[in-house]
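Asks: sequence and predicted structure are below.
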Amino acid sequence: GAGVSQTPSNKVTEKGKYVELRCDPISGHTALYWYRQSLGQGPEFLIYFQGTGAADDSGLPNDRFFAVRPEGSVSTLKIQRTERGDSAVYLCASSLTNDYGYTFGSGTRLTVV
Amino acid sequence: GQQLNQSPQSMFIQEGEDVSMNCTSSSIFNTWLWYKQDPGEGPVLLIALYKAGELTSNGRLTAQFGITRKDSFLNISASIPSDVGIYFCAGQLPNTGNQFYFGTGTSLTVIP
């Protein structure tokens, strides 16, 4: 597509529930990133994919967070047993390999109540 | 995580004025990026800096990679209303792949 697409744009879930957030990167971009942005803060790195594999998942806060990219294109960020502290905007970005000018999507605003 | 101190936290300026903001860190960075974020949108890349001392312009925007590699600044000349938004710096540490650390942002308001 023309840009990075994230769905849903908003998600409200109850504490303890499981959620999936989807990212469609720019066609042909092999690198994909997930960031999390809390209110009033800058984005924080979660995980980076190069192709199908997670090249760096050091930013995932704990084992409730998991992300996949099975075919090297669409990625899904999965959060188990959600907590109120998980509420944030989850941003996805993609780039051509070794291109630092990666393009962000508009994000998914997750609210855990 | 890494602390990138961005200042000022917010700015209110008259249209036509020049703007300057900066970002500092206790760590040395290989790359500095500057992004602008509008409400409800993801950050948009403005300028990328790849070596110490580099000065790069993009229209009315100019950014520099500090000589010490621990800081960067962004200048906006002759501000216009559409410059309103939150500006973020982001830095990449050596040997950390494509992970970037973001500052806390500078909120810019331009008064027509």
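Replies: Sure, I can see it. The shown structure was predicted, so the numbers you read here are calculated from the model rather than taken from an experiment.
Asks: CA only for contacts and neighbour counts going forward, please
Replies: Fine.
Asks: residue contacts, B:P43?
Replies: Listed by Cα atoms under 8 Å, 6 or more residues apart in numbering or on different chains, the contact set of B:P43 reads A:103-104, B:35-37.
Asks: please disregard the earlier target; I meant B:I80.
Replies: Contacts of B:I80 (Cα under 8 Å, 6+ apart): B:15-16, B:110, B:112.
Asks: picking that back up, which one of the contacts of B:P43 is nearest to A:E14?
Replies: Within the contacts of B:P43, proximity to A:E14 (Cα to Cα) peaks at A:F104, which comes in at 27.0 Å.
Asks: pick out whichever of the contacts of B:P43 sits closest to A:F45.
Replies: Of all the contacts of B:P43, A:F104 has the smallest distance to A:F45: 12.5 Å, by Cα to Cα.
Asks: count the residues that sit near residue 107.
Replies: Unless you meant another one, I'm taking chain A. 30 (other Cα atoms under 10 Å in any protein chain shown).
Asks: if you could check chain B rather than the one you did, that'd help
Replies: The tally of other residues near B:S107 (other Cα under 10 Å) stands at 19.
Asks: what pairs with whichever helix or strand it is part of, parallel or antiparallel?
Replies: B:S107 belongs to strand B:106-111 when assigned by DSSP states H and E. Looking at strand B:106-111 with DSSP bridges, its partner strands are strand B:10-14 (parallel), strand B:85-92 (antiparallel).
Asks: most tightly surrounded among those?
Replies: When you average the neighbours per residue for each of the strands paired with strand B:106-111 (mean count of other Cα atoms under 10 Å in any protein chain shown), strand B:85-92 leads with a mean of 25.
Asks: dump the strands paired with strand B:106-111 into TSV; add distance to A:G3 and mean pLDDT as well.
Replies: Shown next, in TSV, are those (distance: least, Cα to Cα, whole Å; pLDDT from 0 to 100):
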stretch	distance to A:G3	mean pLDDT
strand B:10-14	29	97
strand B:85-92	20	95
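Asks: does A:Y90 count as helix, strand or coil?
Replies: strand (DSSP: H, G, I helix; E, B strand; the rest coil).
Asks: excluding chain neighbours, what is closest to it?
Replies: Spatial nearest neighbour of A:Y90, chain neighbours left out: A:R36 (4.5 Å); criterion: Cα to Cα, 6 or more residues apart in numbering or on different chains.
Asks: wait, what's in contact with that neighbour?
Replies: So A:R36 contacts A:43-46, A:88-91 (Cα under 8 Å, 6+ apart).
Asks: partner strands of the lowest-mean-pLDDT helix or strand in chain A, with direction?
Replies: Here the helix or strand of chain A ranked lowest by mean pLDDT, DSSP states H and E is strand A:53-56, holding a mean of 88. Its sheet considered, strand A:53-56 pairs with strand A:44-50 (antiparallel) by DSSP bridges.
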